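Trainee: structure of the sequence below:
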Amino acid sequence: MKKLLYLLLLPFLSSCVSHQELINFNEANLPENKPETILNAMNIRIQPEDLLRITVHSLDPLAAAPFNMEQEGQNRQMGGGGQGNQQLELFMGYFVDQDGFIDFPVLGRIPVEGKTLEEAKLDILDRLTTYLKDPVVNIRYLNFKVTILGEVNLPGTLRLTNKRVTILEAIGMAGDLTDYAHRNNILVIREKDGIRTYERLDLQSDEIFTSPYFYLQQNDVIYIEPLKARVATVADPAQRIISYSTAALSLITLVIALTR
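Mentor: Predicted coordinates for the structure are as follows:
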């Protein structure tokens with residue numbers, strides 16, 4: 001009789017997600033109240049096809065103007081704000097070509113591939129000292145982006161201004177995981193130096209914090225796999241209603257028969 005009751009309840013149970021499957025880091029042995037040294041922190045390095053925004057300032061704005069000619073000219077064309085400004089800003093950056101160089105006003109071609117933003121900044125500062133007194137250089141990424149797909153509430157491409165972004169932050173910006181996210185099977189696809197790599201992360205384990213994929217890089221793609229229970233939610237609605245109704249009627253009939 002118990003087996004028969006289980007079979008009748010199976011359609012309902014198969015669509016349920018357990019409490020443990022919804023918890024992040026439930027298998028992690030986190031060192032609470034104990035500071036932990038970050039060993040896998042990385043400095044993002046400039047790659048070909050990156051887009052950089054570089055601005056130069058000086059005590060004499062007129063002297064610095066030639067080094068900002070393109071940006072200043074386009075800044076005057078930018079009206080309003082929001083999404084339009086973000087799109088226009090993409091045309092204001094310095095594109096890193098396939099040889100790893102940018103074309104900079106007055107200074108000419110400058111190699112930047114493989115450098116951190118800070119290293120590129122120091123190189124440009126050193127070149128500017130010939131022309132400017134006490135120059136100030138600001139540099140950041142314009143096209144640092146990652147794509148997150150699958151079981152998140154807001155899948156899509158995230159354009160980031162912070163060069164140090166973790167997979168947890170990216171998931172948060174994508175509206176967090178859905179109830180059907182497979183938390184111990186998260187795929188990260190990365191392309192670097194002409195090589196594509198794949199890594200699966202377990203969000204329920206503390207090993208994720210030491211993974212080289214915990215900190216994201218340019219153009220990473222994150223795929224959140226669904227749980228098997230997700231199948232029941234995307235099946236044909238009519239078939240689901242019939243299946244559940246039949247199971248419910250059978251269960252009611254069984255209960256009535258047992259209570260007589």
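Trainee: tell me the contacts of Ala170?
Mentor: Contact partners of Ala170, counting by CB atoms under 8 Å, 6 or more residues apart in numbering, are 146, 148, 158, 216, 222. In this view, the C-beta of every residue, glycine as well, is placed from N, C-alpha and C.
Trainee: now do Ile171 against His182, distance only.
Mentor: Distance check for Ile171 against His182: by CB to CB, to the nearest Å, it reads 13 Å.
Trainee: re the thing from before, just among the contacts of Ala170, which is most surrounded?
Mentor: When neighbours are counted as other CB atoms under 10 Å, the busiest of those turns out to be Leu216, with 26 neighbours.
Trainee: joint contacts of Ile171 and His182?
Mentor: Contact with both Ile171 and His182 is made by residues Ile224, according to CB under 8 Å, 6+ apart.
Trainee: one step back: JSON lines please, covering the contacts of Ala170 and showing distance to Leu122, secondary structure and pLDDT.
Mentor: Putting those into JSON lines (distance: CB to CB, whole Å; DSSP: H, G, I helix; E, B strand; the rest coil; pLDDT from 0 to 100) gives the following:
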{"residue": "Val146", "distance to Leu122": "27", "secondary structure": "strand", "pLDDT": "92"}
{"residue": "Ile148", "distance to Leu122": "33", "secondary structure": "strand", "pLDDT": "95"}
{"residue": "Leu158", "distance to Leu122": "29", "secondary structure": "strand", "pLDDT": "90"}
{"residue": "Leu216", "distance to Leu122": "25", "secondary structure": "coil", "pLDDT": "91"}
{"residue": "Ile222", "distance to Leu122": "32", "secondary structure": "strand", "pLDDT": "95"}
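Trainee: pipe the residues you listed into JSON lines and attach distance to Lys121 per row.
Mentor: Compiled in JSON lines, those are given as follows (distance: CB to CB, whole Å):
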{"residue": "Val146", "distance to Lys121": "23"}
{"residue": "Ile148", "distance to Lys121": "30"}
{"residue": "Leu158", "distance to Lys121": "25"}
{"residue": "Leu216", "distance to Lys121": "22"}
{"residue": "Ile222", "distance to Lys121": "29"}
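Trainee: show me the helices in the stretch 151-260 of the chain, by range?
Mentor: Counting by DSSP state H, counting those that start in this stretch, the stretch 151-260 of the chain forms helices over residues 167-173, 230-234, 237-259, given from the N-terminal end onward.
Trainee: quick one: average pLDDT of the last one?
Mentor: In this model, helix 237-259 has an average pLDDT of 61.
Trainee: quick check: Glu119 is in a strand.
Mentor: No - secondary structure assignment (DSSP: H, G, I helix; E, B strand; the rest coil) places Glu119 in helix, not in a strand.
Trainee: around it, how many other residues sit close by?
Mentor: Glu119 has 14 neighbours, counted by other CB under 10 Å.
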